[in-house]
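Student: this one's structure only:
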Ligand code: ADP
């Protein structure tokens, strides 16, 4: 393990240039994430949260500034990063186990994938899917498919997890349950995580720190420390300390109480 930060963004800016014009998505973001830390990014829709995550994951390159993961400047997808999106994107014709080992197969071929079968089974057990290893995605519920996606993210043992609204497509109850599961898994494996969400409660439940972003072009509006004991439980959500953190985040998101909470509305009033 390295002594320095897990993720370091220094003066990161992102503009998307196309024939129809330029979108200034991110405006000078400085952010450091320590190893083992869980950081959430919240902000109005379109403020550049996914863009930021994709810059850390090496799927995009910054227009200015630098992105460093584990001491190495990001110029493409780093090996030590695992990603998960709102849609599980599983291959229908492959079993749960075969989907989990896919990242290894892409890099190391079928042999590497075969050798990882046991590890895949152990991960599927970790997320409560023992007994479903040979099932196909079509036979699994949405929540179960996202569990398979969690295992696929973890199979190469990445140090840094990038989570883009991972449970946004699930119903509220399943989502809460999956968040508790995710907190347990990230807690037991001591991984660094960066989560994009617009659900404040979810951000408070999972994070050590919450980075609140401004409307586009996204900048850091403020950072809220989540000083709540771990392991967190769903019962904590209704407690005063939990709600106090949630209020602090809400205050940064929308500093003027008269402005609509909706991101688009806020932009109209501010602009
Ligand atoms: P968020 O995740 O906060 O909702 P995004 O990072 O998805 O925001 O997008 C930020 C802004 O950049 C939006 O205005 C979006 O339309 C624009 N954008 C994102 N990706 C691209 C792209 N590949 N090309 C052009 N514009 C993009």
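Tutor: Structure received. Everything quoted here is computed from the prediction, not taken from an experiment. Numbering: from 1, shown residues only.
Student: C-alpha only now, for contacts and for neighbours.
Tutor: Noted.
Student: Okay, helices next: where are they in the protein?
Tutor: 49-56, 96-100, 102-115, 117-126, 142-154, 172-189, 200-206, 240-253, 263-270 (DSSP state H).
Student: Can you say which of the ones you listed is nearest to the ligand?
Tutor: helix 49-56 (3.7 Å; C-alpha to the nearest ligand atom).
Student: Check which helices and strands that closest one is in contact with.
Tutor: strand 21-33, strand 64-69, strand 160-164, strand 192-196 (3 or more C-alpha pairs under 8 Å, 6 or more residues apart in numbering; DSSP states H and E).
Student: Hey, what's the angle from that helix to strand 21-33? Just curious.
Tutor: Angle, helix 49-56 to strand 21-33, by axes from the mean of the first three to the mean of the last three C-alpha atoms, to 10 degrees: 70 degrees.
Student: Check the burial of the closest residue to the ligand within the stretch 151-271 of the chain by counting its neighbours.
Tutor: Nearest residue of the stretch 151-271 of the chain to the ligand: residue 216, at 6.9 Å (C-alpha to the nearest ligand atom). Around residue 216 sit 20 other residues, with neighbours defined as other C-alpha atoms under 10 Å.
Student: Turn the helices and strands packed on helix 49-56 into TSV, columns for distance to residue 9.
Tutor: Shown next, in TSV, are those (distance: least, C-alpha to C-alpha, whole Å):
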stretch	distance to residue 9
strand 21-33	5
strand 64-69	5
strand 160-164	14
strand 192-196	13
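Student: Can you lay out those strands as a markdown table showing distance to the ligand and mean pLDDT?
Tutor: Putting those into a markdown table (distance: least, C-alpha to the nearest ligand atom, whole Å; pLDDT from 0 to 100) gives the following:
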| stretch | distance to the ligand | mean pLDDT |
| --- | --- | --- |
| strand 21-33 | 4 | 96 |
| strand 64-69 | 15 | 98 |
| strand 160-164 | 8 | 96 |
| strand 192-196 | 7 | 97 |
